[in-house]
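Q: below: sequence and its predicted model.
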Amino acid sequence: MGRSRELAELGSAYDSGSSLGFRNRIINGDMRIDQRNAGASVTPANADFIVDRFQYIASQASKVTAQQNAGSVTPPAGFTKYLGITSSSAYSIGATDFFNVSHKIEGFNTADLAWGTANAATVTLSFWVRSSLTGTFGGTIFNNAQNRYYPFSYTISAANTWEQKTITIAGDTSGTWATDNSVGIRIMFGLGVGSTYSGTAGSWGGTLYYSATGATSVVGTNGATWYITGVQLEAGSVATPFERRDYGRELMMCRRYYYRLTAATAFANAGTGRAYSTTNGQAVIAMPVSMRAAPTGAVSNVSHWNGAGGSITSMNPVSQYSGDFRQMTVDITSPFTSGQTVILNANNTTSAWIDWSAEL
């Protein structure tokens, strides 16, 4: 009796969407994390990230705006955030044009699916979507080598209404699918893709396709909207409820790929280190997680930062690291004694930030 009750409770927890491990391979599928833009509207260029882990891929610039919670519509029940795309013109798609929202899943997180072998697991992709347009929409799943593609399609039946979509895909028994810290599986949602990169939905092949033939073009209608949230990719042929991980865990998972250190207060300290000459110093900043690979760095503006009270002439977040530490090299104008302590702090502004990116 007791054992039966335990199993019943476990099944109930599973049905309610509680986490029983890393079921959803998508990170930030509910679009809660937006380190780069903090919810602001952006006009993304090709390869820009529009919320954490979701990237804009396009052959032409300035055709859409993107924003977390664009248009301020009510999300589906159980969600507070979504990613919104708005078309900036009525653009006529050329044969080689493509406009996509992309998500890359690290190979370590897809290795158990055994794609590329006879034991390839079936997966189910599910998501909530809303558009001002109706009709057939498309996307694709492909590998890191970009020689195995599965175009898929889905239908939006009612304009400006959230609809949940489910797509079941038999695992690919061919090709090479990465199982390391490179791209394991890549998913693209089409916003308008030309005939060169559109193929018949529903089967694996080796031709480069970014969407399904006949899919609706969001960028083809001025002011058209396309919103998405609750994106989940999981093993099996059934879409289970969205896996809701706590905010702290989801944020840490995002920071494996990208971390922005921001100044919470006007004179916030970022790190400490030492002067190694009369003009140059180093500050060491501890990272919250180990990143996927050695990152590249960027800073808001050197005028936003001070080094031990002296104005900085240049600063370079270098990719030297050990464990959870990254090392920032800072050149400053103040006189120093070699070996003296250096404190890196914001220069009376909350606009100061430092980025590290180890994106796939």
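A: Cool, got the structure.

Q: output the lowest mean pLDDT helix or strand found in the chain.
A: The weakest-scoring helix or strand in the chain, judged by mean pLDDT, DSSP states H and E, is helix 2-15 (a mean of 40).

Q: what's the following helix or strand after that one?
A: Sequence-wise, the next helix or strand downstream of helix 2-15 (DSSP states H and E) is strand 49-51.

Q: C-alpha coordinates for stretch 219-229, PDB please?
A: Only the C-alpha atoms of stretch 219-229 are listed here, as PDB (Å, rounded to 0.1, in the frame of the first residue of the first chain):
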ATOM      1  CA  VAL A 219       9.000  39.500 -42.200                       C
ATOM      2  CA  GLY A 220       6.800  39.700 -45.300                       C
ATOM      3  CA  THR A 221       4.100  41.700 -43.500                       C
ATOM      4  CA  ASN A 222       4.900  45.000 -41.900                       C
ATOM      5  CA  GLY A 223       4.200  45.000 -38.200                       C
ATOM      6  CA  ALA A 224       3.500  41.200 -38.100                       C
ATOM      7  CA  THR A 225       4.300  39.700 -34.700                       C
ATOM      8  CA  TRP A 226       5.500  36.200 -33.700                       C
ATOM      9  CA  TYR A 227       5.800  35.400 -30.000                       C
ATOM     10  CA  ILE A 228       7.200  32.200 -28.400                       C
ATOM     11  CA  THR A 229       7.700  30.700 -24.900                       C
END
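
Q: now do that stretch, average pLDDT.
A: The average pLDDT within stretch 219-229 is 98.

Q: list the buried residues in that stretch.
A: Neighbour counts over stretch 219-229 (16 or more other Cβ atoms under 10 Å) mark 219-221, 224-229 as buried. All C-beta spots, glycine's among them, are computed from the backbone N, C-alpha and C.

Q: now it, how far from the centre of its chain.
A: Averaging C-alpha positions (Cα atoms, centre = their mean, to the nearest Å) puts stretch 219-229 19 Å from its chain's average.

Q: got the contact list for that stretch?
A: Residues outside stretch 219-229 that contact it (Cβ atoms under 8 Å, 6 or more residues apart in numbering) are 29-31, 63-64, 70-71, 73, 75-76, 79, 81-93, 99, 101, 127-133, 137, 160, 162, 189, 191-192, 218.

Q: which ones among those are found in strands?
A: Using DSSP state E to define strands, the subset of the contacts of stretch 219-229 located there is 64, 83-87, 99, 101, 127-131, 137, 189, 191-192.

Q: returning to that earlier point: tell me which two of the buried residues of stretch 219-229 sit farthest apart.
A: The largest separation in these, counting by Cβ to Cβ, is between 220 and 229 at 23.3 Å.

Q: next, give phi and psi for the closest residue to residue 335 other than its chain neighbours.
A: Using Cβ to Cβ, 6 or more residues apart in numbering and skipping the chain neighbours, the partner closest in space to residue 335 is residue 278 (5.8 Å). Main-chain torsions, residue 278, degrees, to the nearest 10: phi -80, psi -10.
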